[in-house]
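K.L.:
Kindly generate the corresponding structure for this input.
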Amino acid sequence: MSIYDKASLVLIPSGTKTSKVYSQKPVNGDGDFTFSRSTAATRVNADGNIEKETGNLLLQSNSFLTSWVRTGYTLTSGQGGYDGTNNAWLAECTSAGQALYQTSNASGVSTLSFHLKQGTANFLRLRADQSADAIAYFDLSDGSVNSFNGNVIDTNVVDLGSGWYRCSMTWNIDTLSNVQVRAEDGNGSPILGTFYIQDAQLEQGLVARDYIETTTAAVEGGITDNVPRLDYTDSSCPALLLEPQRTNLLTNSEYLNDWSKTAVSVNSNVATSPEGVQNASEFVVTTQQNAEGIAKGFTADGTSDYVVSGYISKNSTAALVALKIRDFLGSGSTHCFVQFSPSTGVVQASIGEYAIESFNDDWWYVWSKPTTTIPSGARNAIIRIDNQSVGTNCIAYGIQVEAGSYATSYIPTYGTSVTRNGEFPVKIANSSSVSGSNAGTMYAEFNVDNIIGQTNDPVILTLKDASNASQAYIQLRDDRKLQSIYNLAVGGIQANISQAAGSISTGTHKVAFAFNDNDFVMYVDGSLVGTDSNGSTTNEFDEVYLGYYSANFNPSAGIKQALLFKTRLSNEELAALTTI
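P.N.:
Next up, the predicted model:
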């Protein structure tokens with residue numbers, strides 16, 4: 001008999017839907033976990049790219065007779081589109097100077113895109129309307145950008161064939177009033193004329209992503225609220241990523257031209273980022289001096305831990321790059337930093353704790369953390385090139401500062417700080433069929449990226465009764481060790497088996513905690529950790545959690561497998577089950 005045949009619960013994360021993680025056993029749904037996270041998030045998907053929430057903020061994105069103001073325009077549907085359908089529209093401007101537009105209160109870094117084709121009007125103007133506008137002019141006769149002005153960050157044209165182009169414009173505006181398109185001549189003057197239009201999209205971020213159809217409401221895609229994250233960071237097999245609440249305190253994590261600059265210029269959208277789209281930025285040395293770089297401020301509270309993290313391209317030309325938390329770019333106290341070679345990842349110098357990990361072929365994921373508390377007040381996240389020649393660059397993406405003792409997954413920001421809520425409780429809806437025996441075994445395979453200075457001793461797997469009085473759980477202690485505890489409402493702790501401090505490194509681990517009356521044992525990575533032959537067990541457990549049932553012990557690990565058994569497996573089976 002396979003050891004899996006003995007299990008009452010088998011969870012190998014692969015199937016999910018909103019608010020649900022499916023188990024492989026039992027197959028009747030009794031072992032499925034309910035899931036809760038009331039915000040968007042990011043993950044590393046099966047292609048090895050960072051996946052985040054996407055969205056279309058426009059209403060009726062391809063129904064221009066509804067949510068669009070069309071004074072001075074006649075719209076005719078049923079036209080041949082860029083995608084082989086007849087879903088395009090012929091727009092005829094009958095009153096020069098009028099625009100086809102939709103109101104919007106979007107703010108921050110945003111991108112507007114239309115699928116457009118030349119009619120009698122060769123030139124079209126896209127505009128984001130506010131007190132300080134963003135305007136771009138596109139020539140549909142050849143798919144070129146004629147000119148742009150105002151708060152424009154970038155423009156882009158994608159040739160779709162048959163005369164169709166996807167034209168996009170990116171800007172940074174505090175609060176938008178509307179977005180619009182209108183017919184122009186080559187000199188920027190409005191004209192009468194026709195053009196074809198299809199599939200409009202307004203989204204946050206520096207690039208136009210895959211089109212999302214909307215009707216009467218904005219639509220989001222990707223890792224949205226309450227969508228479990230199957231994360232492929234460490235292998236071809238996913239792990240269920242569970243993290244506590246965190247906030248990226250930096251208000252523009254990708255638009256680095258919004259950062260303070262010293263002796264550098266910043267260019268947006270110069271390289272393919274860890275997302276797999278061209279929204280990475282570079283800063284280029286313009287004047288050689290002791291410190292050239294960029295800085296973004298945040299406020300430290302004087303009590304919390306802080307960690308800075310981000311992605312640095314291996315194709316940066318700078319010999320050495322430093323990621324740090326410092327009072328100011330060129331002066332003040334340095335609270336932590338790691339200086340390394342972008343081409344090799346070799347560290348030259350550091351203060352505090354740090355890690356540098358290869359992320360696909362082109363990027364390093366880097367984090368740095370102070371070992372002492374940062375004084376309260378204004379501080380800066382800094383990316384710096386030291387004493388490099390003019391023209392030297394650093395290519396970067398996704399910079400984050402969060403209050404916490406270790407770095408968590410990336411939280412994008414586009415003008416304001418953003419909070420990702422914690423993921424808890426992750427609970428089996430009907431636990432009676434998989435738990436509730438005097439004898440049993442709990443098993444988990446999990447991955448840990450950062451285990452330095454974790455608070456609240458995050459829990460990996462929990463059994464408990466409905467009143468929370470009796471519990472059995474496996475936790476990851478902040479001093480780098482795994483611990484298994486069996487606690488009863490009457491009688492208190494019956495077993496407490498623990499590794500020596502410092503036993504757990506980053507990476508993948510397997511742990512099993514087996515129990516019966518006067519017979520408790522824990523195995524980690526194929527080895528016996530300890531036993532306890534003096535303690536009672538109960539059959540009162542009727543709830544099962546990935547992690548803990550309380551926010552105070554948030555999980556911080558990627559769960560690759562979770563198994564439960566209603567028997568105390570033999571030591572030989574435990575050794576085999578946990579061997580890496």
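K.L.:
Report the buried residues of the helix or strand hosting Asn267.
P.N.:
Assigned by DSSP states H and E, Asn267 belongs to strand 264-271. In terms of neighbour count (16 or more other C-beta atoms under 10 Å), strand 264-271 has its buried residues at Val264, Val266, Asn267, Ser268, Asn269, Val270, Ala271. Glycine gets a C-beta too; all of them are placed from N, C-alpha and C.
K.L.:
For the helix or strand bottoming out on mean pLDDT in the chain, enumerate the helices and strands it packs against.
P.N.:
Ranked by mean pLDDT, DSSP states H and E, the helix or strand of the chain with the weakest confidence is strand 426-428, at a mean of 85. If you count contacts as 3 or more C-beta pairs under 8 Å, 6 or more residues apart in numbering; DSSP states H and E, strand 426-428 packs onto strand 33-34, strand 543-546.
K.L.:
what lines up beside the longest one in the sheet?
P.N.:
In the sheet, strand 543-546 lines up against strand 426-428 (antiparallel), strand 459-464 (antiparallel) (DSSP bridges).
K.L.:
Show residues contacting the shortest one.
P.N.:
Just to be clear, that refers to strand 426-428. Applying C-beta atoms under 8 Å, 6 or more residues apart in numbering, the contact partners of strand 426-428 are 9, 21, 23, 30-36, 240, 242, 434, 543-547, 549, 555.
K.L.:
can you check the last one too?
P.N.:
By C-beta under 8 Å, 6+ apart, the residues outside strand 459-464 that reach it are 435, 440, 442-444, 446, 470-476, 482, 511, 541, 543-549, 553, 555, 557, 559, 562, 564.
K.L.:
What ranges does the stretch 401-550 of the chain have for its strands?
P.N.:
Secondary structure of the stretch 401-550 of the chain (DSSP state E, counting those that start in this stretch): strands located at 418-420, 426-428, 440-448, 459-464, 471-477, 481-488, 492-498, 507-516, 519-524, 527-532, 543-546.
K.L.:
Relative to Lys117, which of these is closest?
P.N.:
With C-beta to C-beta as the measure, strand 418-420 is the member of those nearest Lys117 (36.8 Å).
K.L.:
residues of the closest one that come out buried?
P.N.:
Buried residues in strand 418-420 (16+ other C-beta under 10 Å): Val418, Arg420.
K.L.:
just how off-centre is it within its chain?
P.N.:
Centroid displacement of strand 418-420 relative to its chain, using C-alpha atoms, centre = their mean, to the nearest Å, is 10 Å.
K.L.:
what packs against it?
P.N.:
When contacts are defined as 3+ C-beta pairs under 8 Å, 6+ apart, strand 418-420 packs onto strand 246-248.
K.L.:
So what touches the strand it packs on?
P.N.:
Outside strand 246-248, the residues that touch it by C-beta under 8 Å, 6+ apart are 400-404, 408, 410-413, 417-420.
K.L.:
make it 6 Å
P.N.:
Gln400, Glu402, Gly404, Thr408, Ile411, Thr413, Ser417, Val418, Thr419, Arg420 (C-beta atoms under 6 Å, 6 or more residues apart in numbering).
K.L.:
go on, stretch 3-14?
P.N.:
Under the criterion C-beta under 6 Å, 6+ apart, residues 23-25, 31, 230, 238, 240, 434, 561-566, 573 lie in contact with stretch 3-14.
K.L.:
Name the residues of it that are buried.
P.N.:
The neighbour-count check on stretch 3-14 (16+ other C-beta under 10 Å) flags Ala7, Ser8, Leu9, Val10, Leu11, Ile12, Pro13 as buried.
K.L.:
and what of stretch 423-437?
P.N.:
Glu423, Phe424, Pro425, Val426, Lys427, Ile428, Ser431, Val434, Ser435, Gly436, Ser437.
K.L.:
Would you map the strands across the stretch 51-200 of the chain?
P.N.:
Here the stretch 51-200 of the chain has its strands, by DSSP E, counting those that start in this stretch, at 54-56, 73-79, 88-93, 100-103, 108-118, 123-129, 134-139, 144-150, 152-161, 164-173, 178-184, 193-204.
K.L.:
Comparing the ones you listed, which yields the minimum mean pLDDT?
P.N.:
Lowest mean pLDDT within the strands of the stretch 51-200 of the chain: strand 144-150, at a mean of 92.
K.L.:
Which secondary structure elements does that one sit against?
P.N.:
The contact analysis (3 or more C-beta pairs under 6 Å, 6 or more residues apart in numbering; DSSP states H and E) places strand 144-150 against strand 134-139.
K.L.:
can you list contacts of the strand it packs on?
P.N.:
Contacts of strand 134-139 (C-beta under 6 Å, 6+ apart): 123-128, 145-152, 155, 167, 169, 171.
K.L.:
And for stretch 276-293?
P.N.:
Taking C-beta under 6 Å, 6+ apart as the rule, stretch 276-293 contacts 49, 206-207, 256, 263-273, 294, 329-330, 382-385, 387-390, 392-395, 397.
K.L.:
Kindly report the same for stretch 483-500.
P.N.:
For stretch 483-500, the external contacting residues (C-beta under 6 Å, 6+ apart) are 469-475, 477, 481-482, 513, 515, 520, 522, 529-530, 532, 535-536, 538.
K.L.:
Can you select the buried ones from the residues you listed in PyMOL?
P.N.:
Selection of buried members from those for PyMOL, criterion 16+ other C-beta under 10 Å:
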select buried, resi 470+471+472+473+474+475+477+481+482+513+515+520+522+529+530+532+535+538
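K.L.:
right, and Asp479 touches Ala501 too?
P.N.:
Yes: Asp479 sits in contact with Ala501 when judged by C-beta atoms under 6 Å, with a separation of 4.2 Å.
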